[in-house]
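> Please work out how this folds:
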Amino acid sequence: MSTWRVATFNIRHGLGDDGRVDLVRTAREIAALDADVIGLQEVDQGFGPRSGYEDQAARLGELLGMQVCFGAALELPPVGEGESSRRYGLALLTRREILSHAVHLLPAHPGHERPAETRGVLQAKVRGPGEQELEVLVTHLDNASRAHRTAQVQGIVRLARGLEGPAVLMGDMNADPSSPELAALAATGWRDVAVQKRSWRSPVREQFGAVVTTLRSLRLATHPARLPVRRIDSLWVRGEIEVCRVEVGARRSSDHRPVVATVHSPQC
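Just a heads-up that it's a prediction; the model follows:
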């Protein structure tokens, strides 16, 4: 049986409340999560002056001594001739081995106005000790439109049909796990880590289920970081994975709080 500590963290390109972009600070915050696999959102790669045109994923990997892969959801033309494209999107950091990775752009809802930002999912296969493998999906869904989020979730569902073995989906969903636009995840075998072990039934639960759900959401809320009231950053599992522990990290420099889960599986 293999145990993994997995986390998701929207780092806001390293920008803190002090108005400074400080990747050394961000790296310290990621290290404090003590996770084997960390999915990041809002990561710049030569994106612009706001982050000094730095390859943030590579820099964080260097600072943390971790393997890293990056997936651009948004790619803009270079500023000058001969320069690289400006890219922004998702990253995965791990102290395990990355066997493969790919980025897939997610669809928008055809009946609605085109979204301001393209969204995607970074897919990676990670191998731990003993040749055990884990499929990891990192994403960041639309922040403005429920219809676009619904279409994007359908894109993730289609992608996941080809996955074999245990898998983890992590990201800034911009929606509570119980929201209608995320319903397709639960319908296709994905389980919100916060409720996976909630299998018991009782008259008290039947009567006060909504209250219990509300209290749990507040306890695991991630946004805004200063006083979180929304649980929009979440982790999902599929396959033979048991969730041992779920926690929301302390407030850090980002406007989101990270989520960390300890999971294990006889197959991963």
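> Need the residue closest to the centroid of the protein.
Geometric centre of the chain, nearest residue: Gly171, 2.0 Å, by Cα atoms, centre = their mean.
> Phi and psi next, for Val24.
Per-residue torsions, Val24: phi -60, psi -40 (degrees, to the nearest 10).
> Could I get the full set of helices for the stretch 151-268 of the chain?
In the stretch 151-268 of the chain, helices defined by DSSP state H, counting those that start in this stretch lie at 183-187, 203-219, listed in chain order.
> beta partners for the residue nearest to the centre of the chain?
Beta bridges link Gly171 to Thr139, Ser234 when assigned by DSSP bridges.
> and what of Val246?
With beta bridges defined as DSSP bridges, Val246 has these partners: Ala261.
> just to revisit the earlier point, please tell me how far the residue nearest to the centre of the chain sits from Glu83.
Using Cβ to Cβ, to the nearest Å, we find Gly171 at a distance of 30 Å from Glu83. C-beta here means a position set from N, CA and C on the backbone, and glycine is covered the same way.
> re earlier: next, the contact list for the residue nearest to the centre of the chain, please.
8, 39, 41, 90, 121, 137-141, 233-234 (Cβ atoms under 8 Å, 6 or more residues apart in numbering).
> Of those residues, which is the nearest to Gln152?
Leu141 (5.1 Å; Cβ to Cβ).
> Surely Asn174 touches Leu141?
Yes. Asn174 lies in contact with Leu141 (Cβ atoms under 8 Å); the separation is 5.0 Å.
> Give the residues shared as contacts by these two.
The contact sets of Asn174 and Leu141 overlap at Arg149 (Cβ under 8 Å, 6+ apart).
> how near is Asp192 to Leu185?
Asp192 sits 8 Å away from Leu185, taking Cβ to Cβ as the criterion.
> Give the residues shared as contacts by those two.
Joint contacts of Asp192 and Leu185 (Cβ under 8 Å, 6+ apart) are Trp236.
> residues contacting Arg127?
By Cβ under 8 Å, 6+ apart, the contact list for Arg127 reads 96-97, 99, 133-134.
> And Gly46, by the same measure?
53-55, 83-87.
> Which of those sits closest to Gly14?
Distances from Gly14 to the contacts of Gly46, taken by Cβ to Cβ, are shortest for Glu54, at 8.9 Å.
> how many neighbours does the residue nearest to the closest one when sequence neighbours are not counted have?
Computed as Cβ to Cβ, 6 or more residues apart in numbering, the closest residue to Glu54 that is not its neighbour in sequence is Asp44, at 6.9 Å. For Asp44, the neighbour count with other Cβ atoms under 10 Å is 27.
> is it true that Asp44 touches Ser51?
Yes. The pair Asp44 and Ser51 qualifies as a contact (Cβ under 8 Å) at a distance of 4.2 Å.
> On the three-state scheme, Val9 is what?
I think there's a mix-up here, since residue 9 is Phe and not Val. Here Phe9 is recorded as strand under DSSP: H, G, I helix; E, B strand; the rest coil.
> which residues touch it?
29-30, 33, 38-41, 233, 249, 254, 256, 258-259.
> try 10 Å
The contact partners of Phe9, by Cβ atoms under 10 Å, 6 or more residues apart in numbering, come to 26, 29-30, 33, 35, 38-42, 91, 93, 170-172, 222, 233, 249, 252, 254, 256-260.
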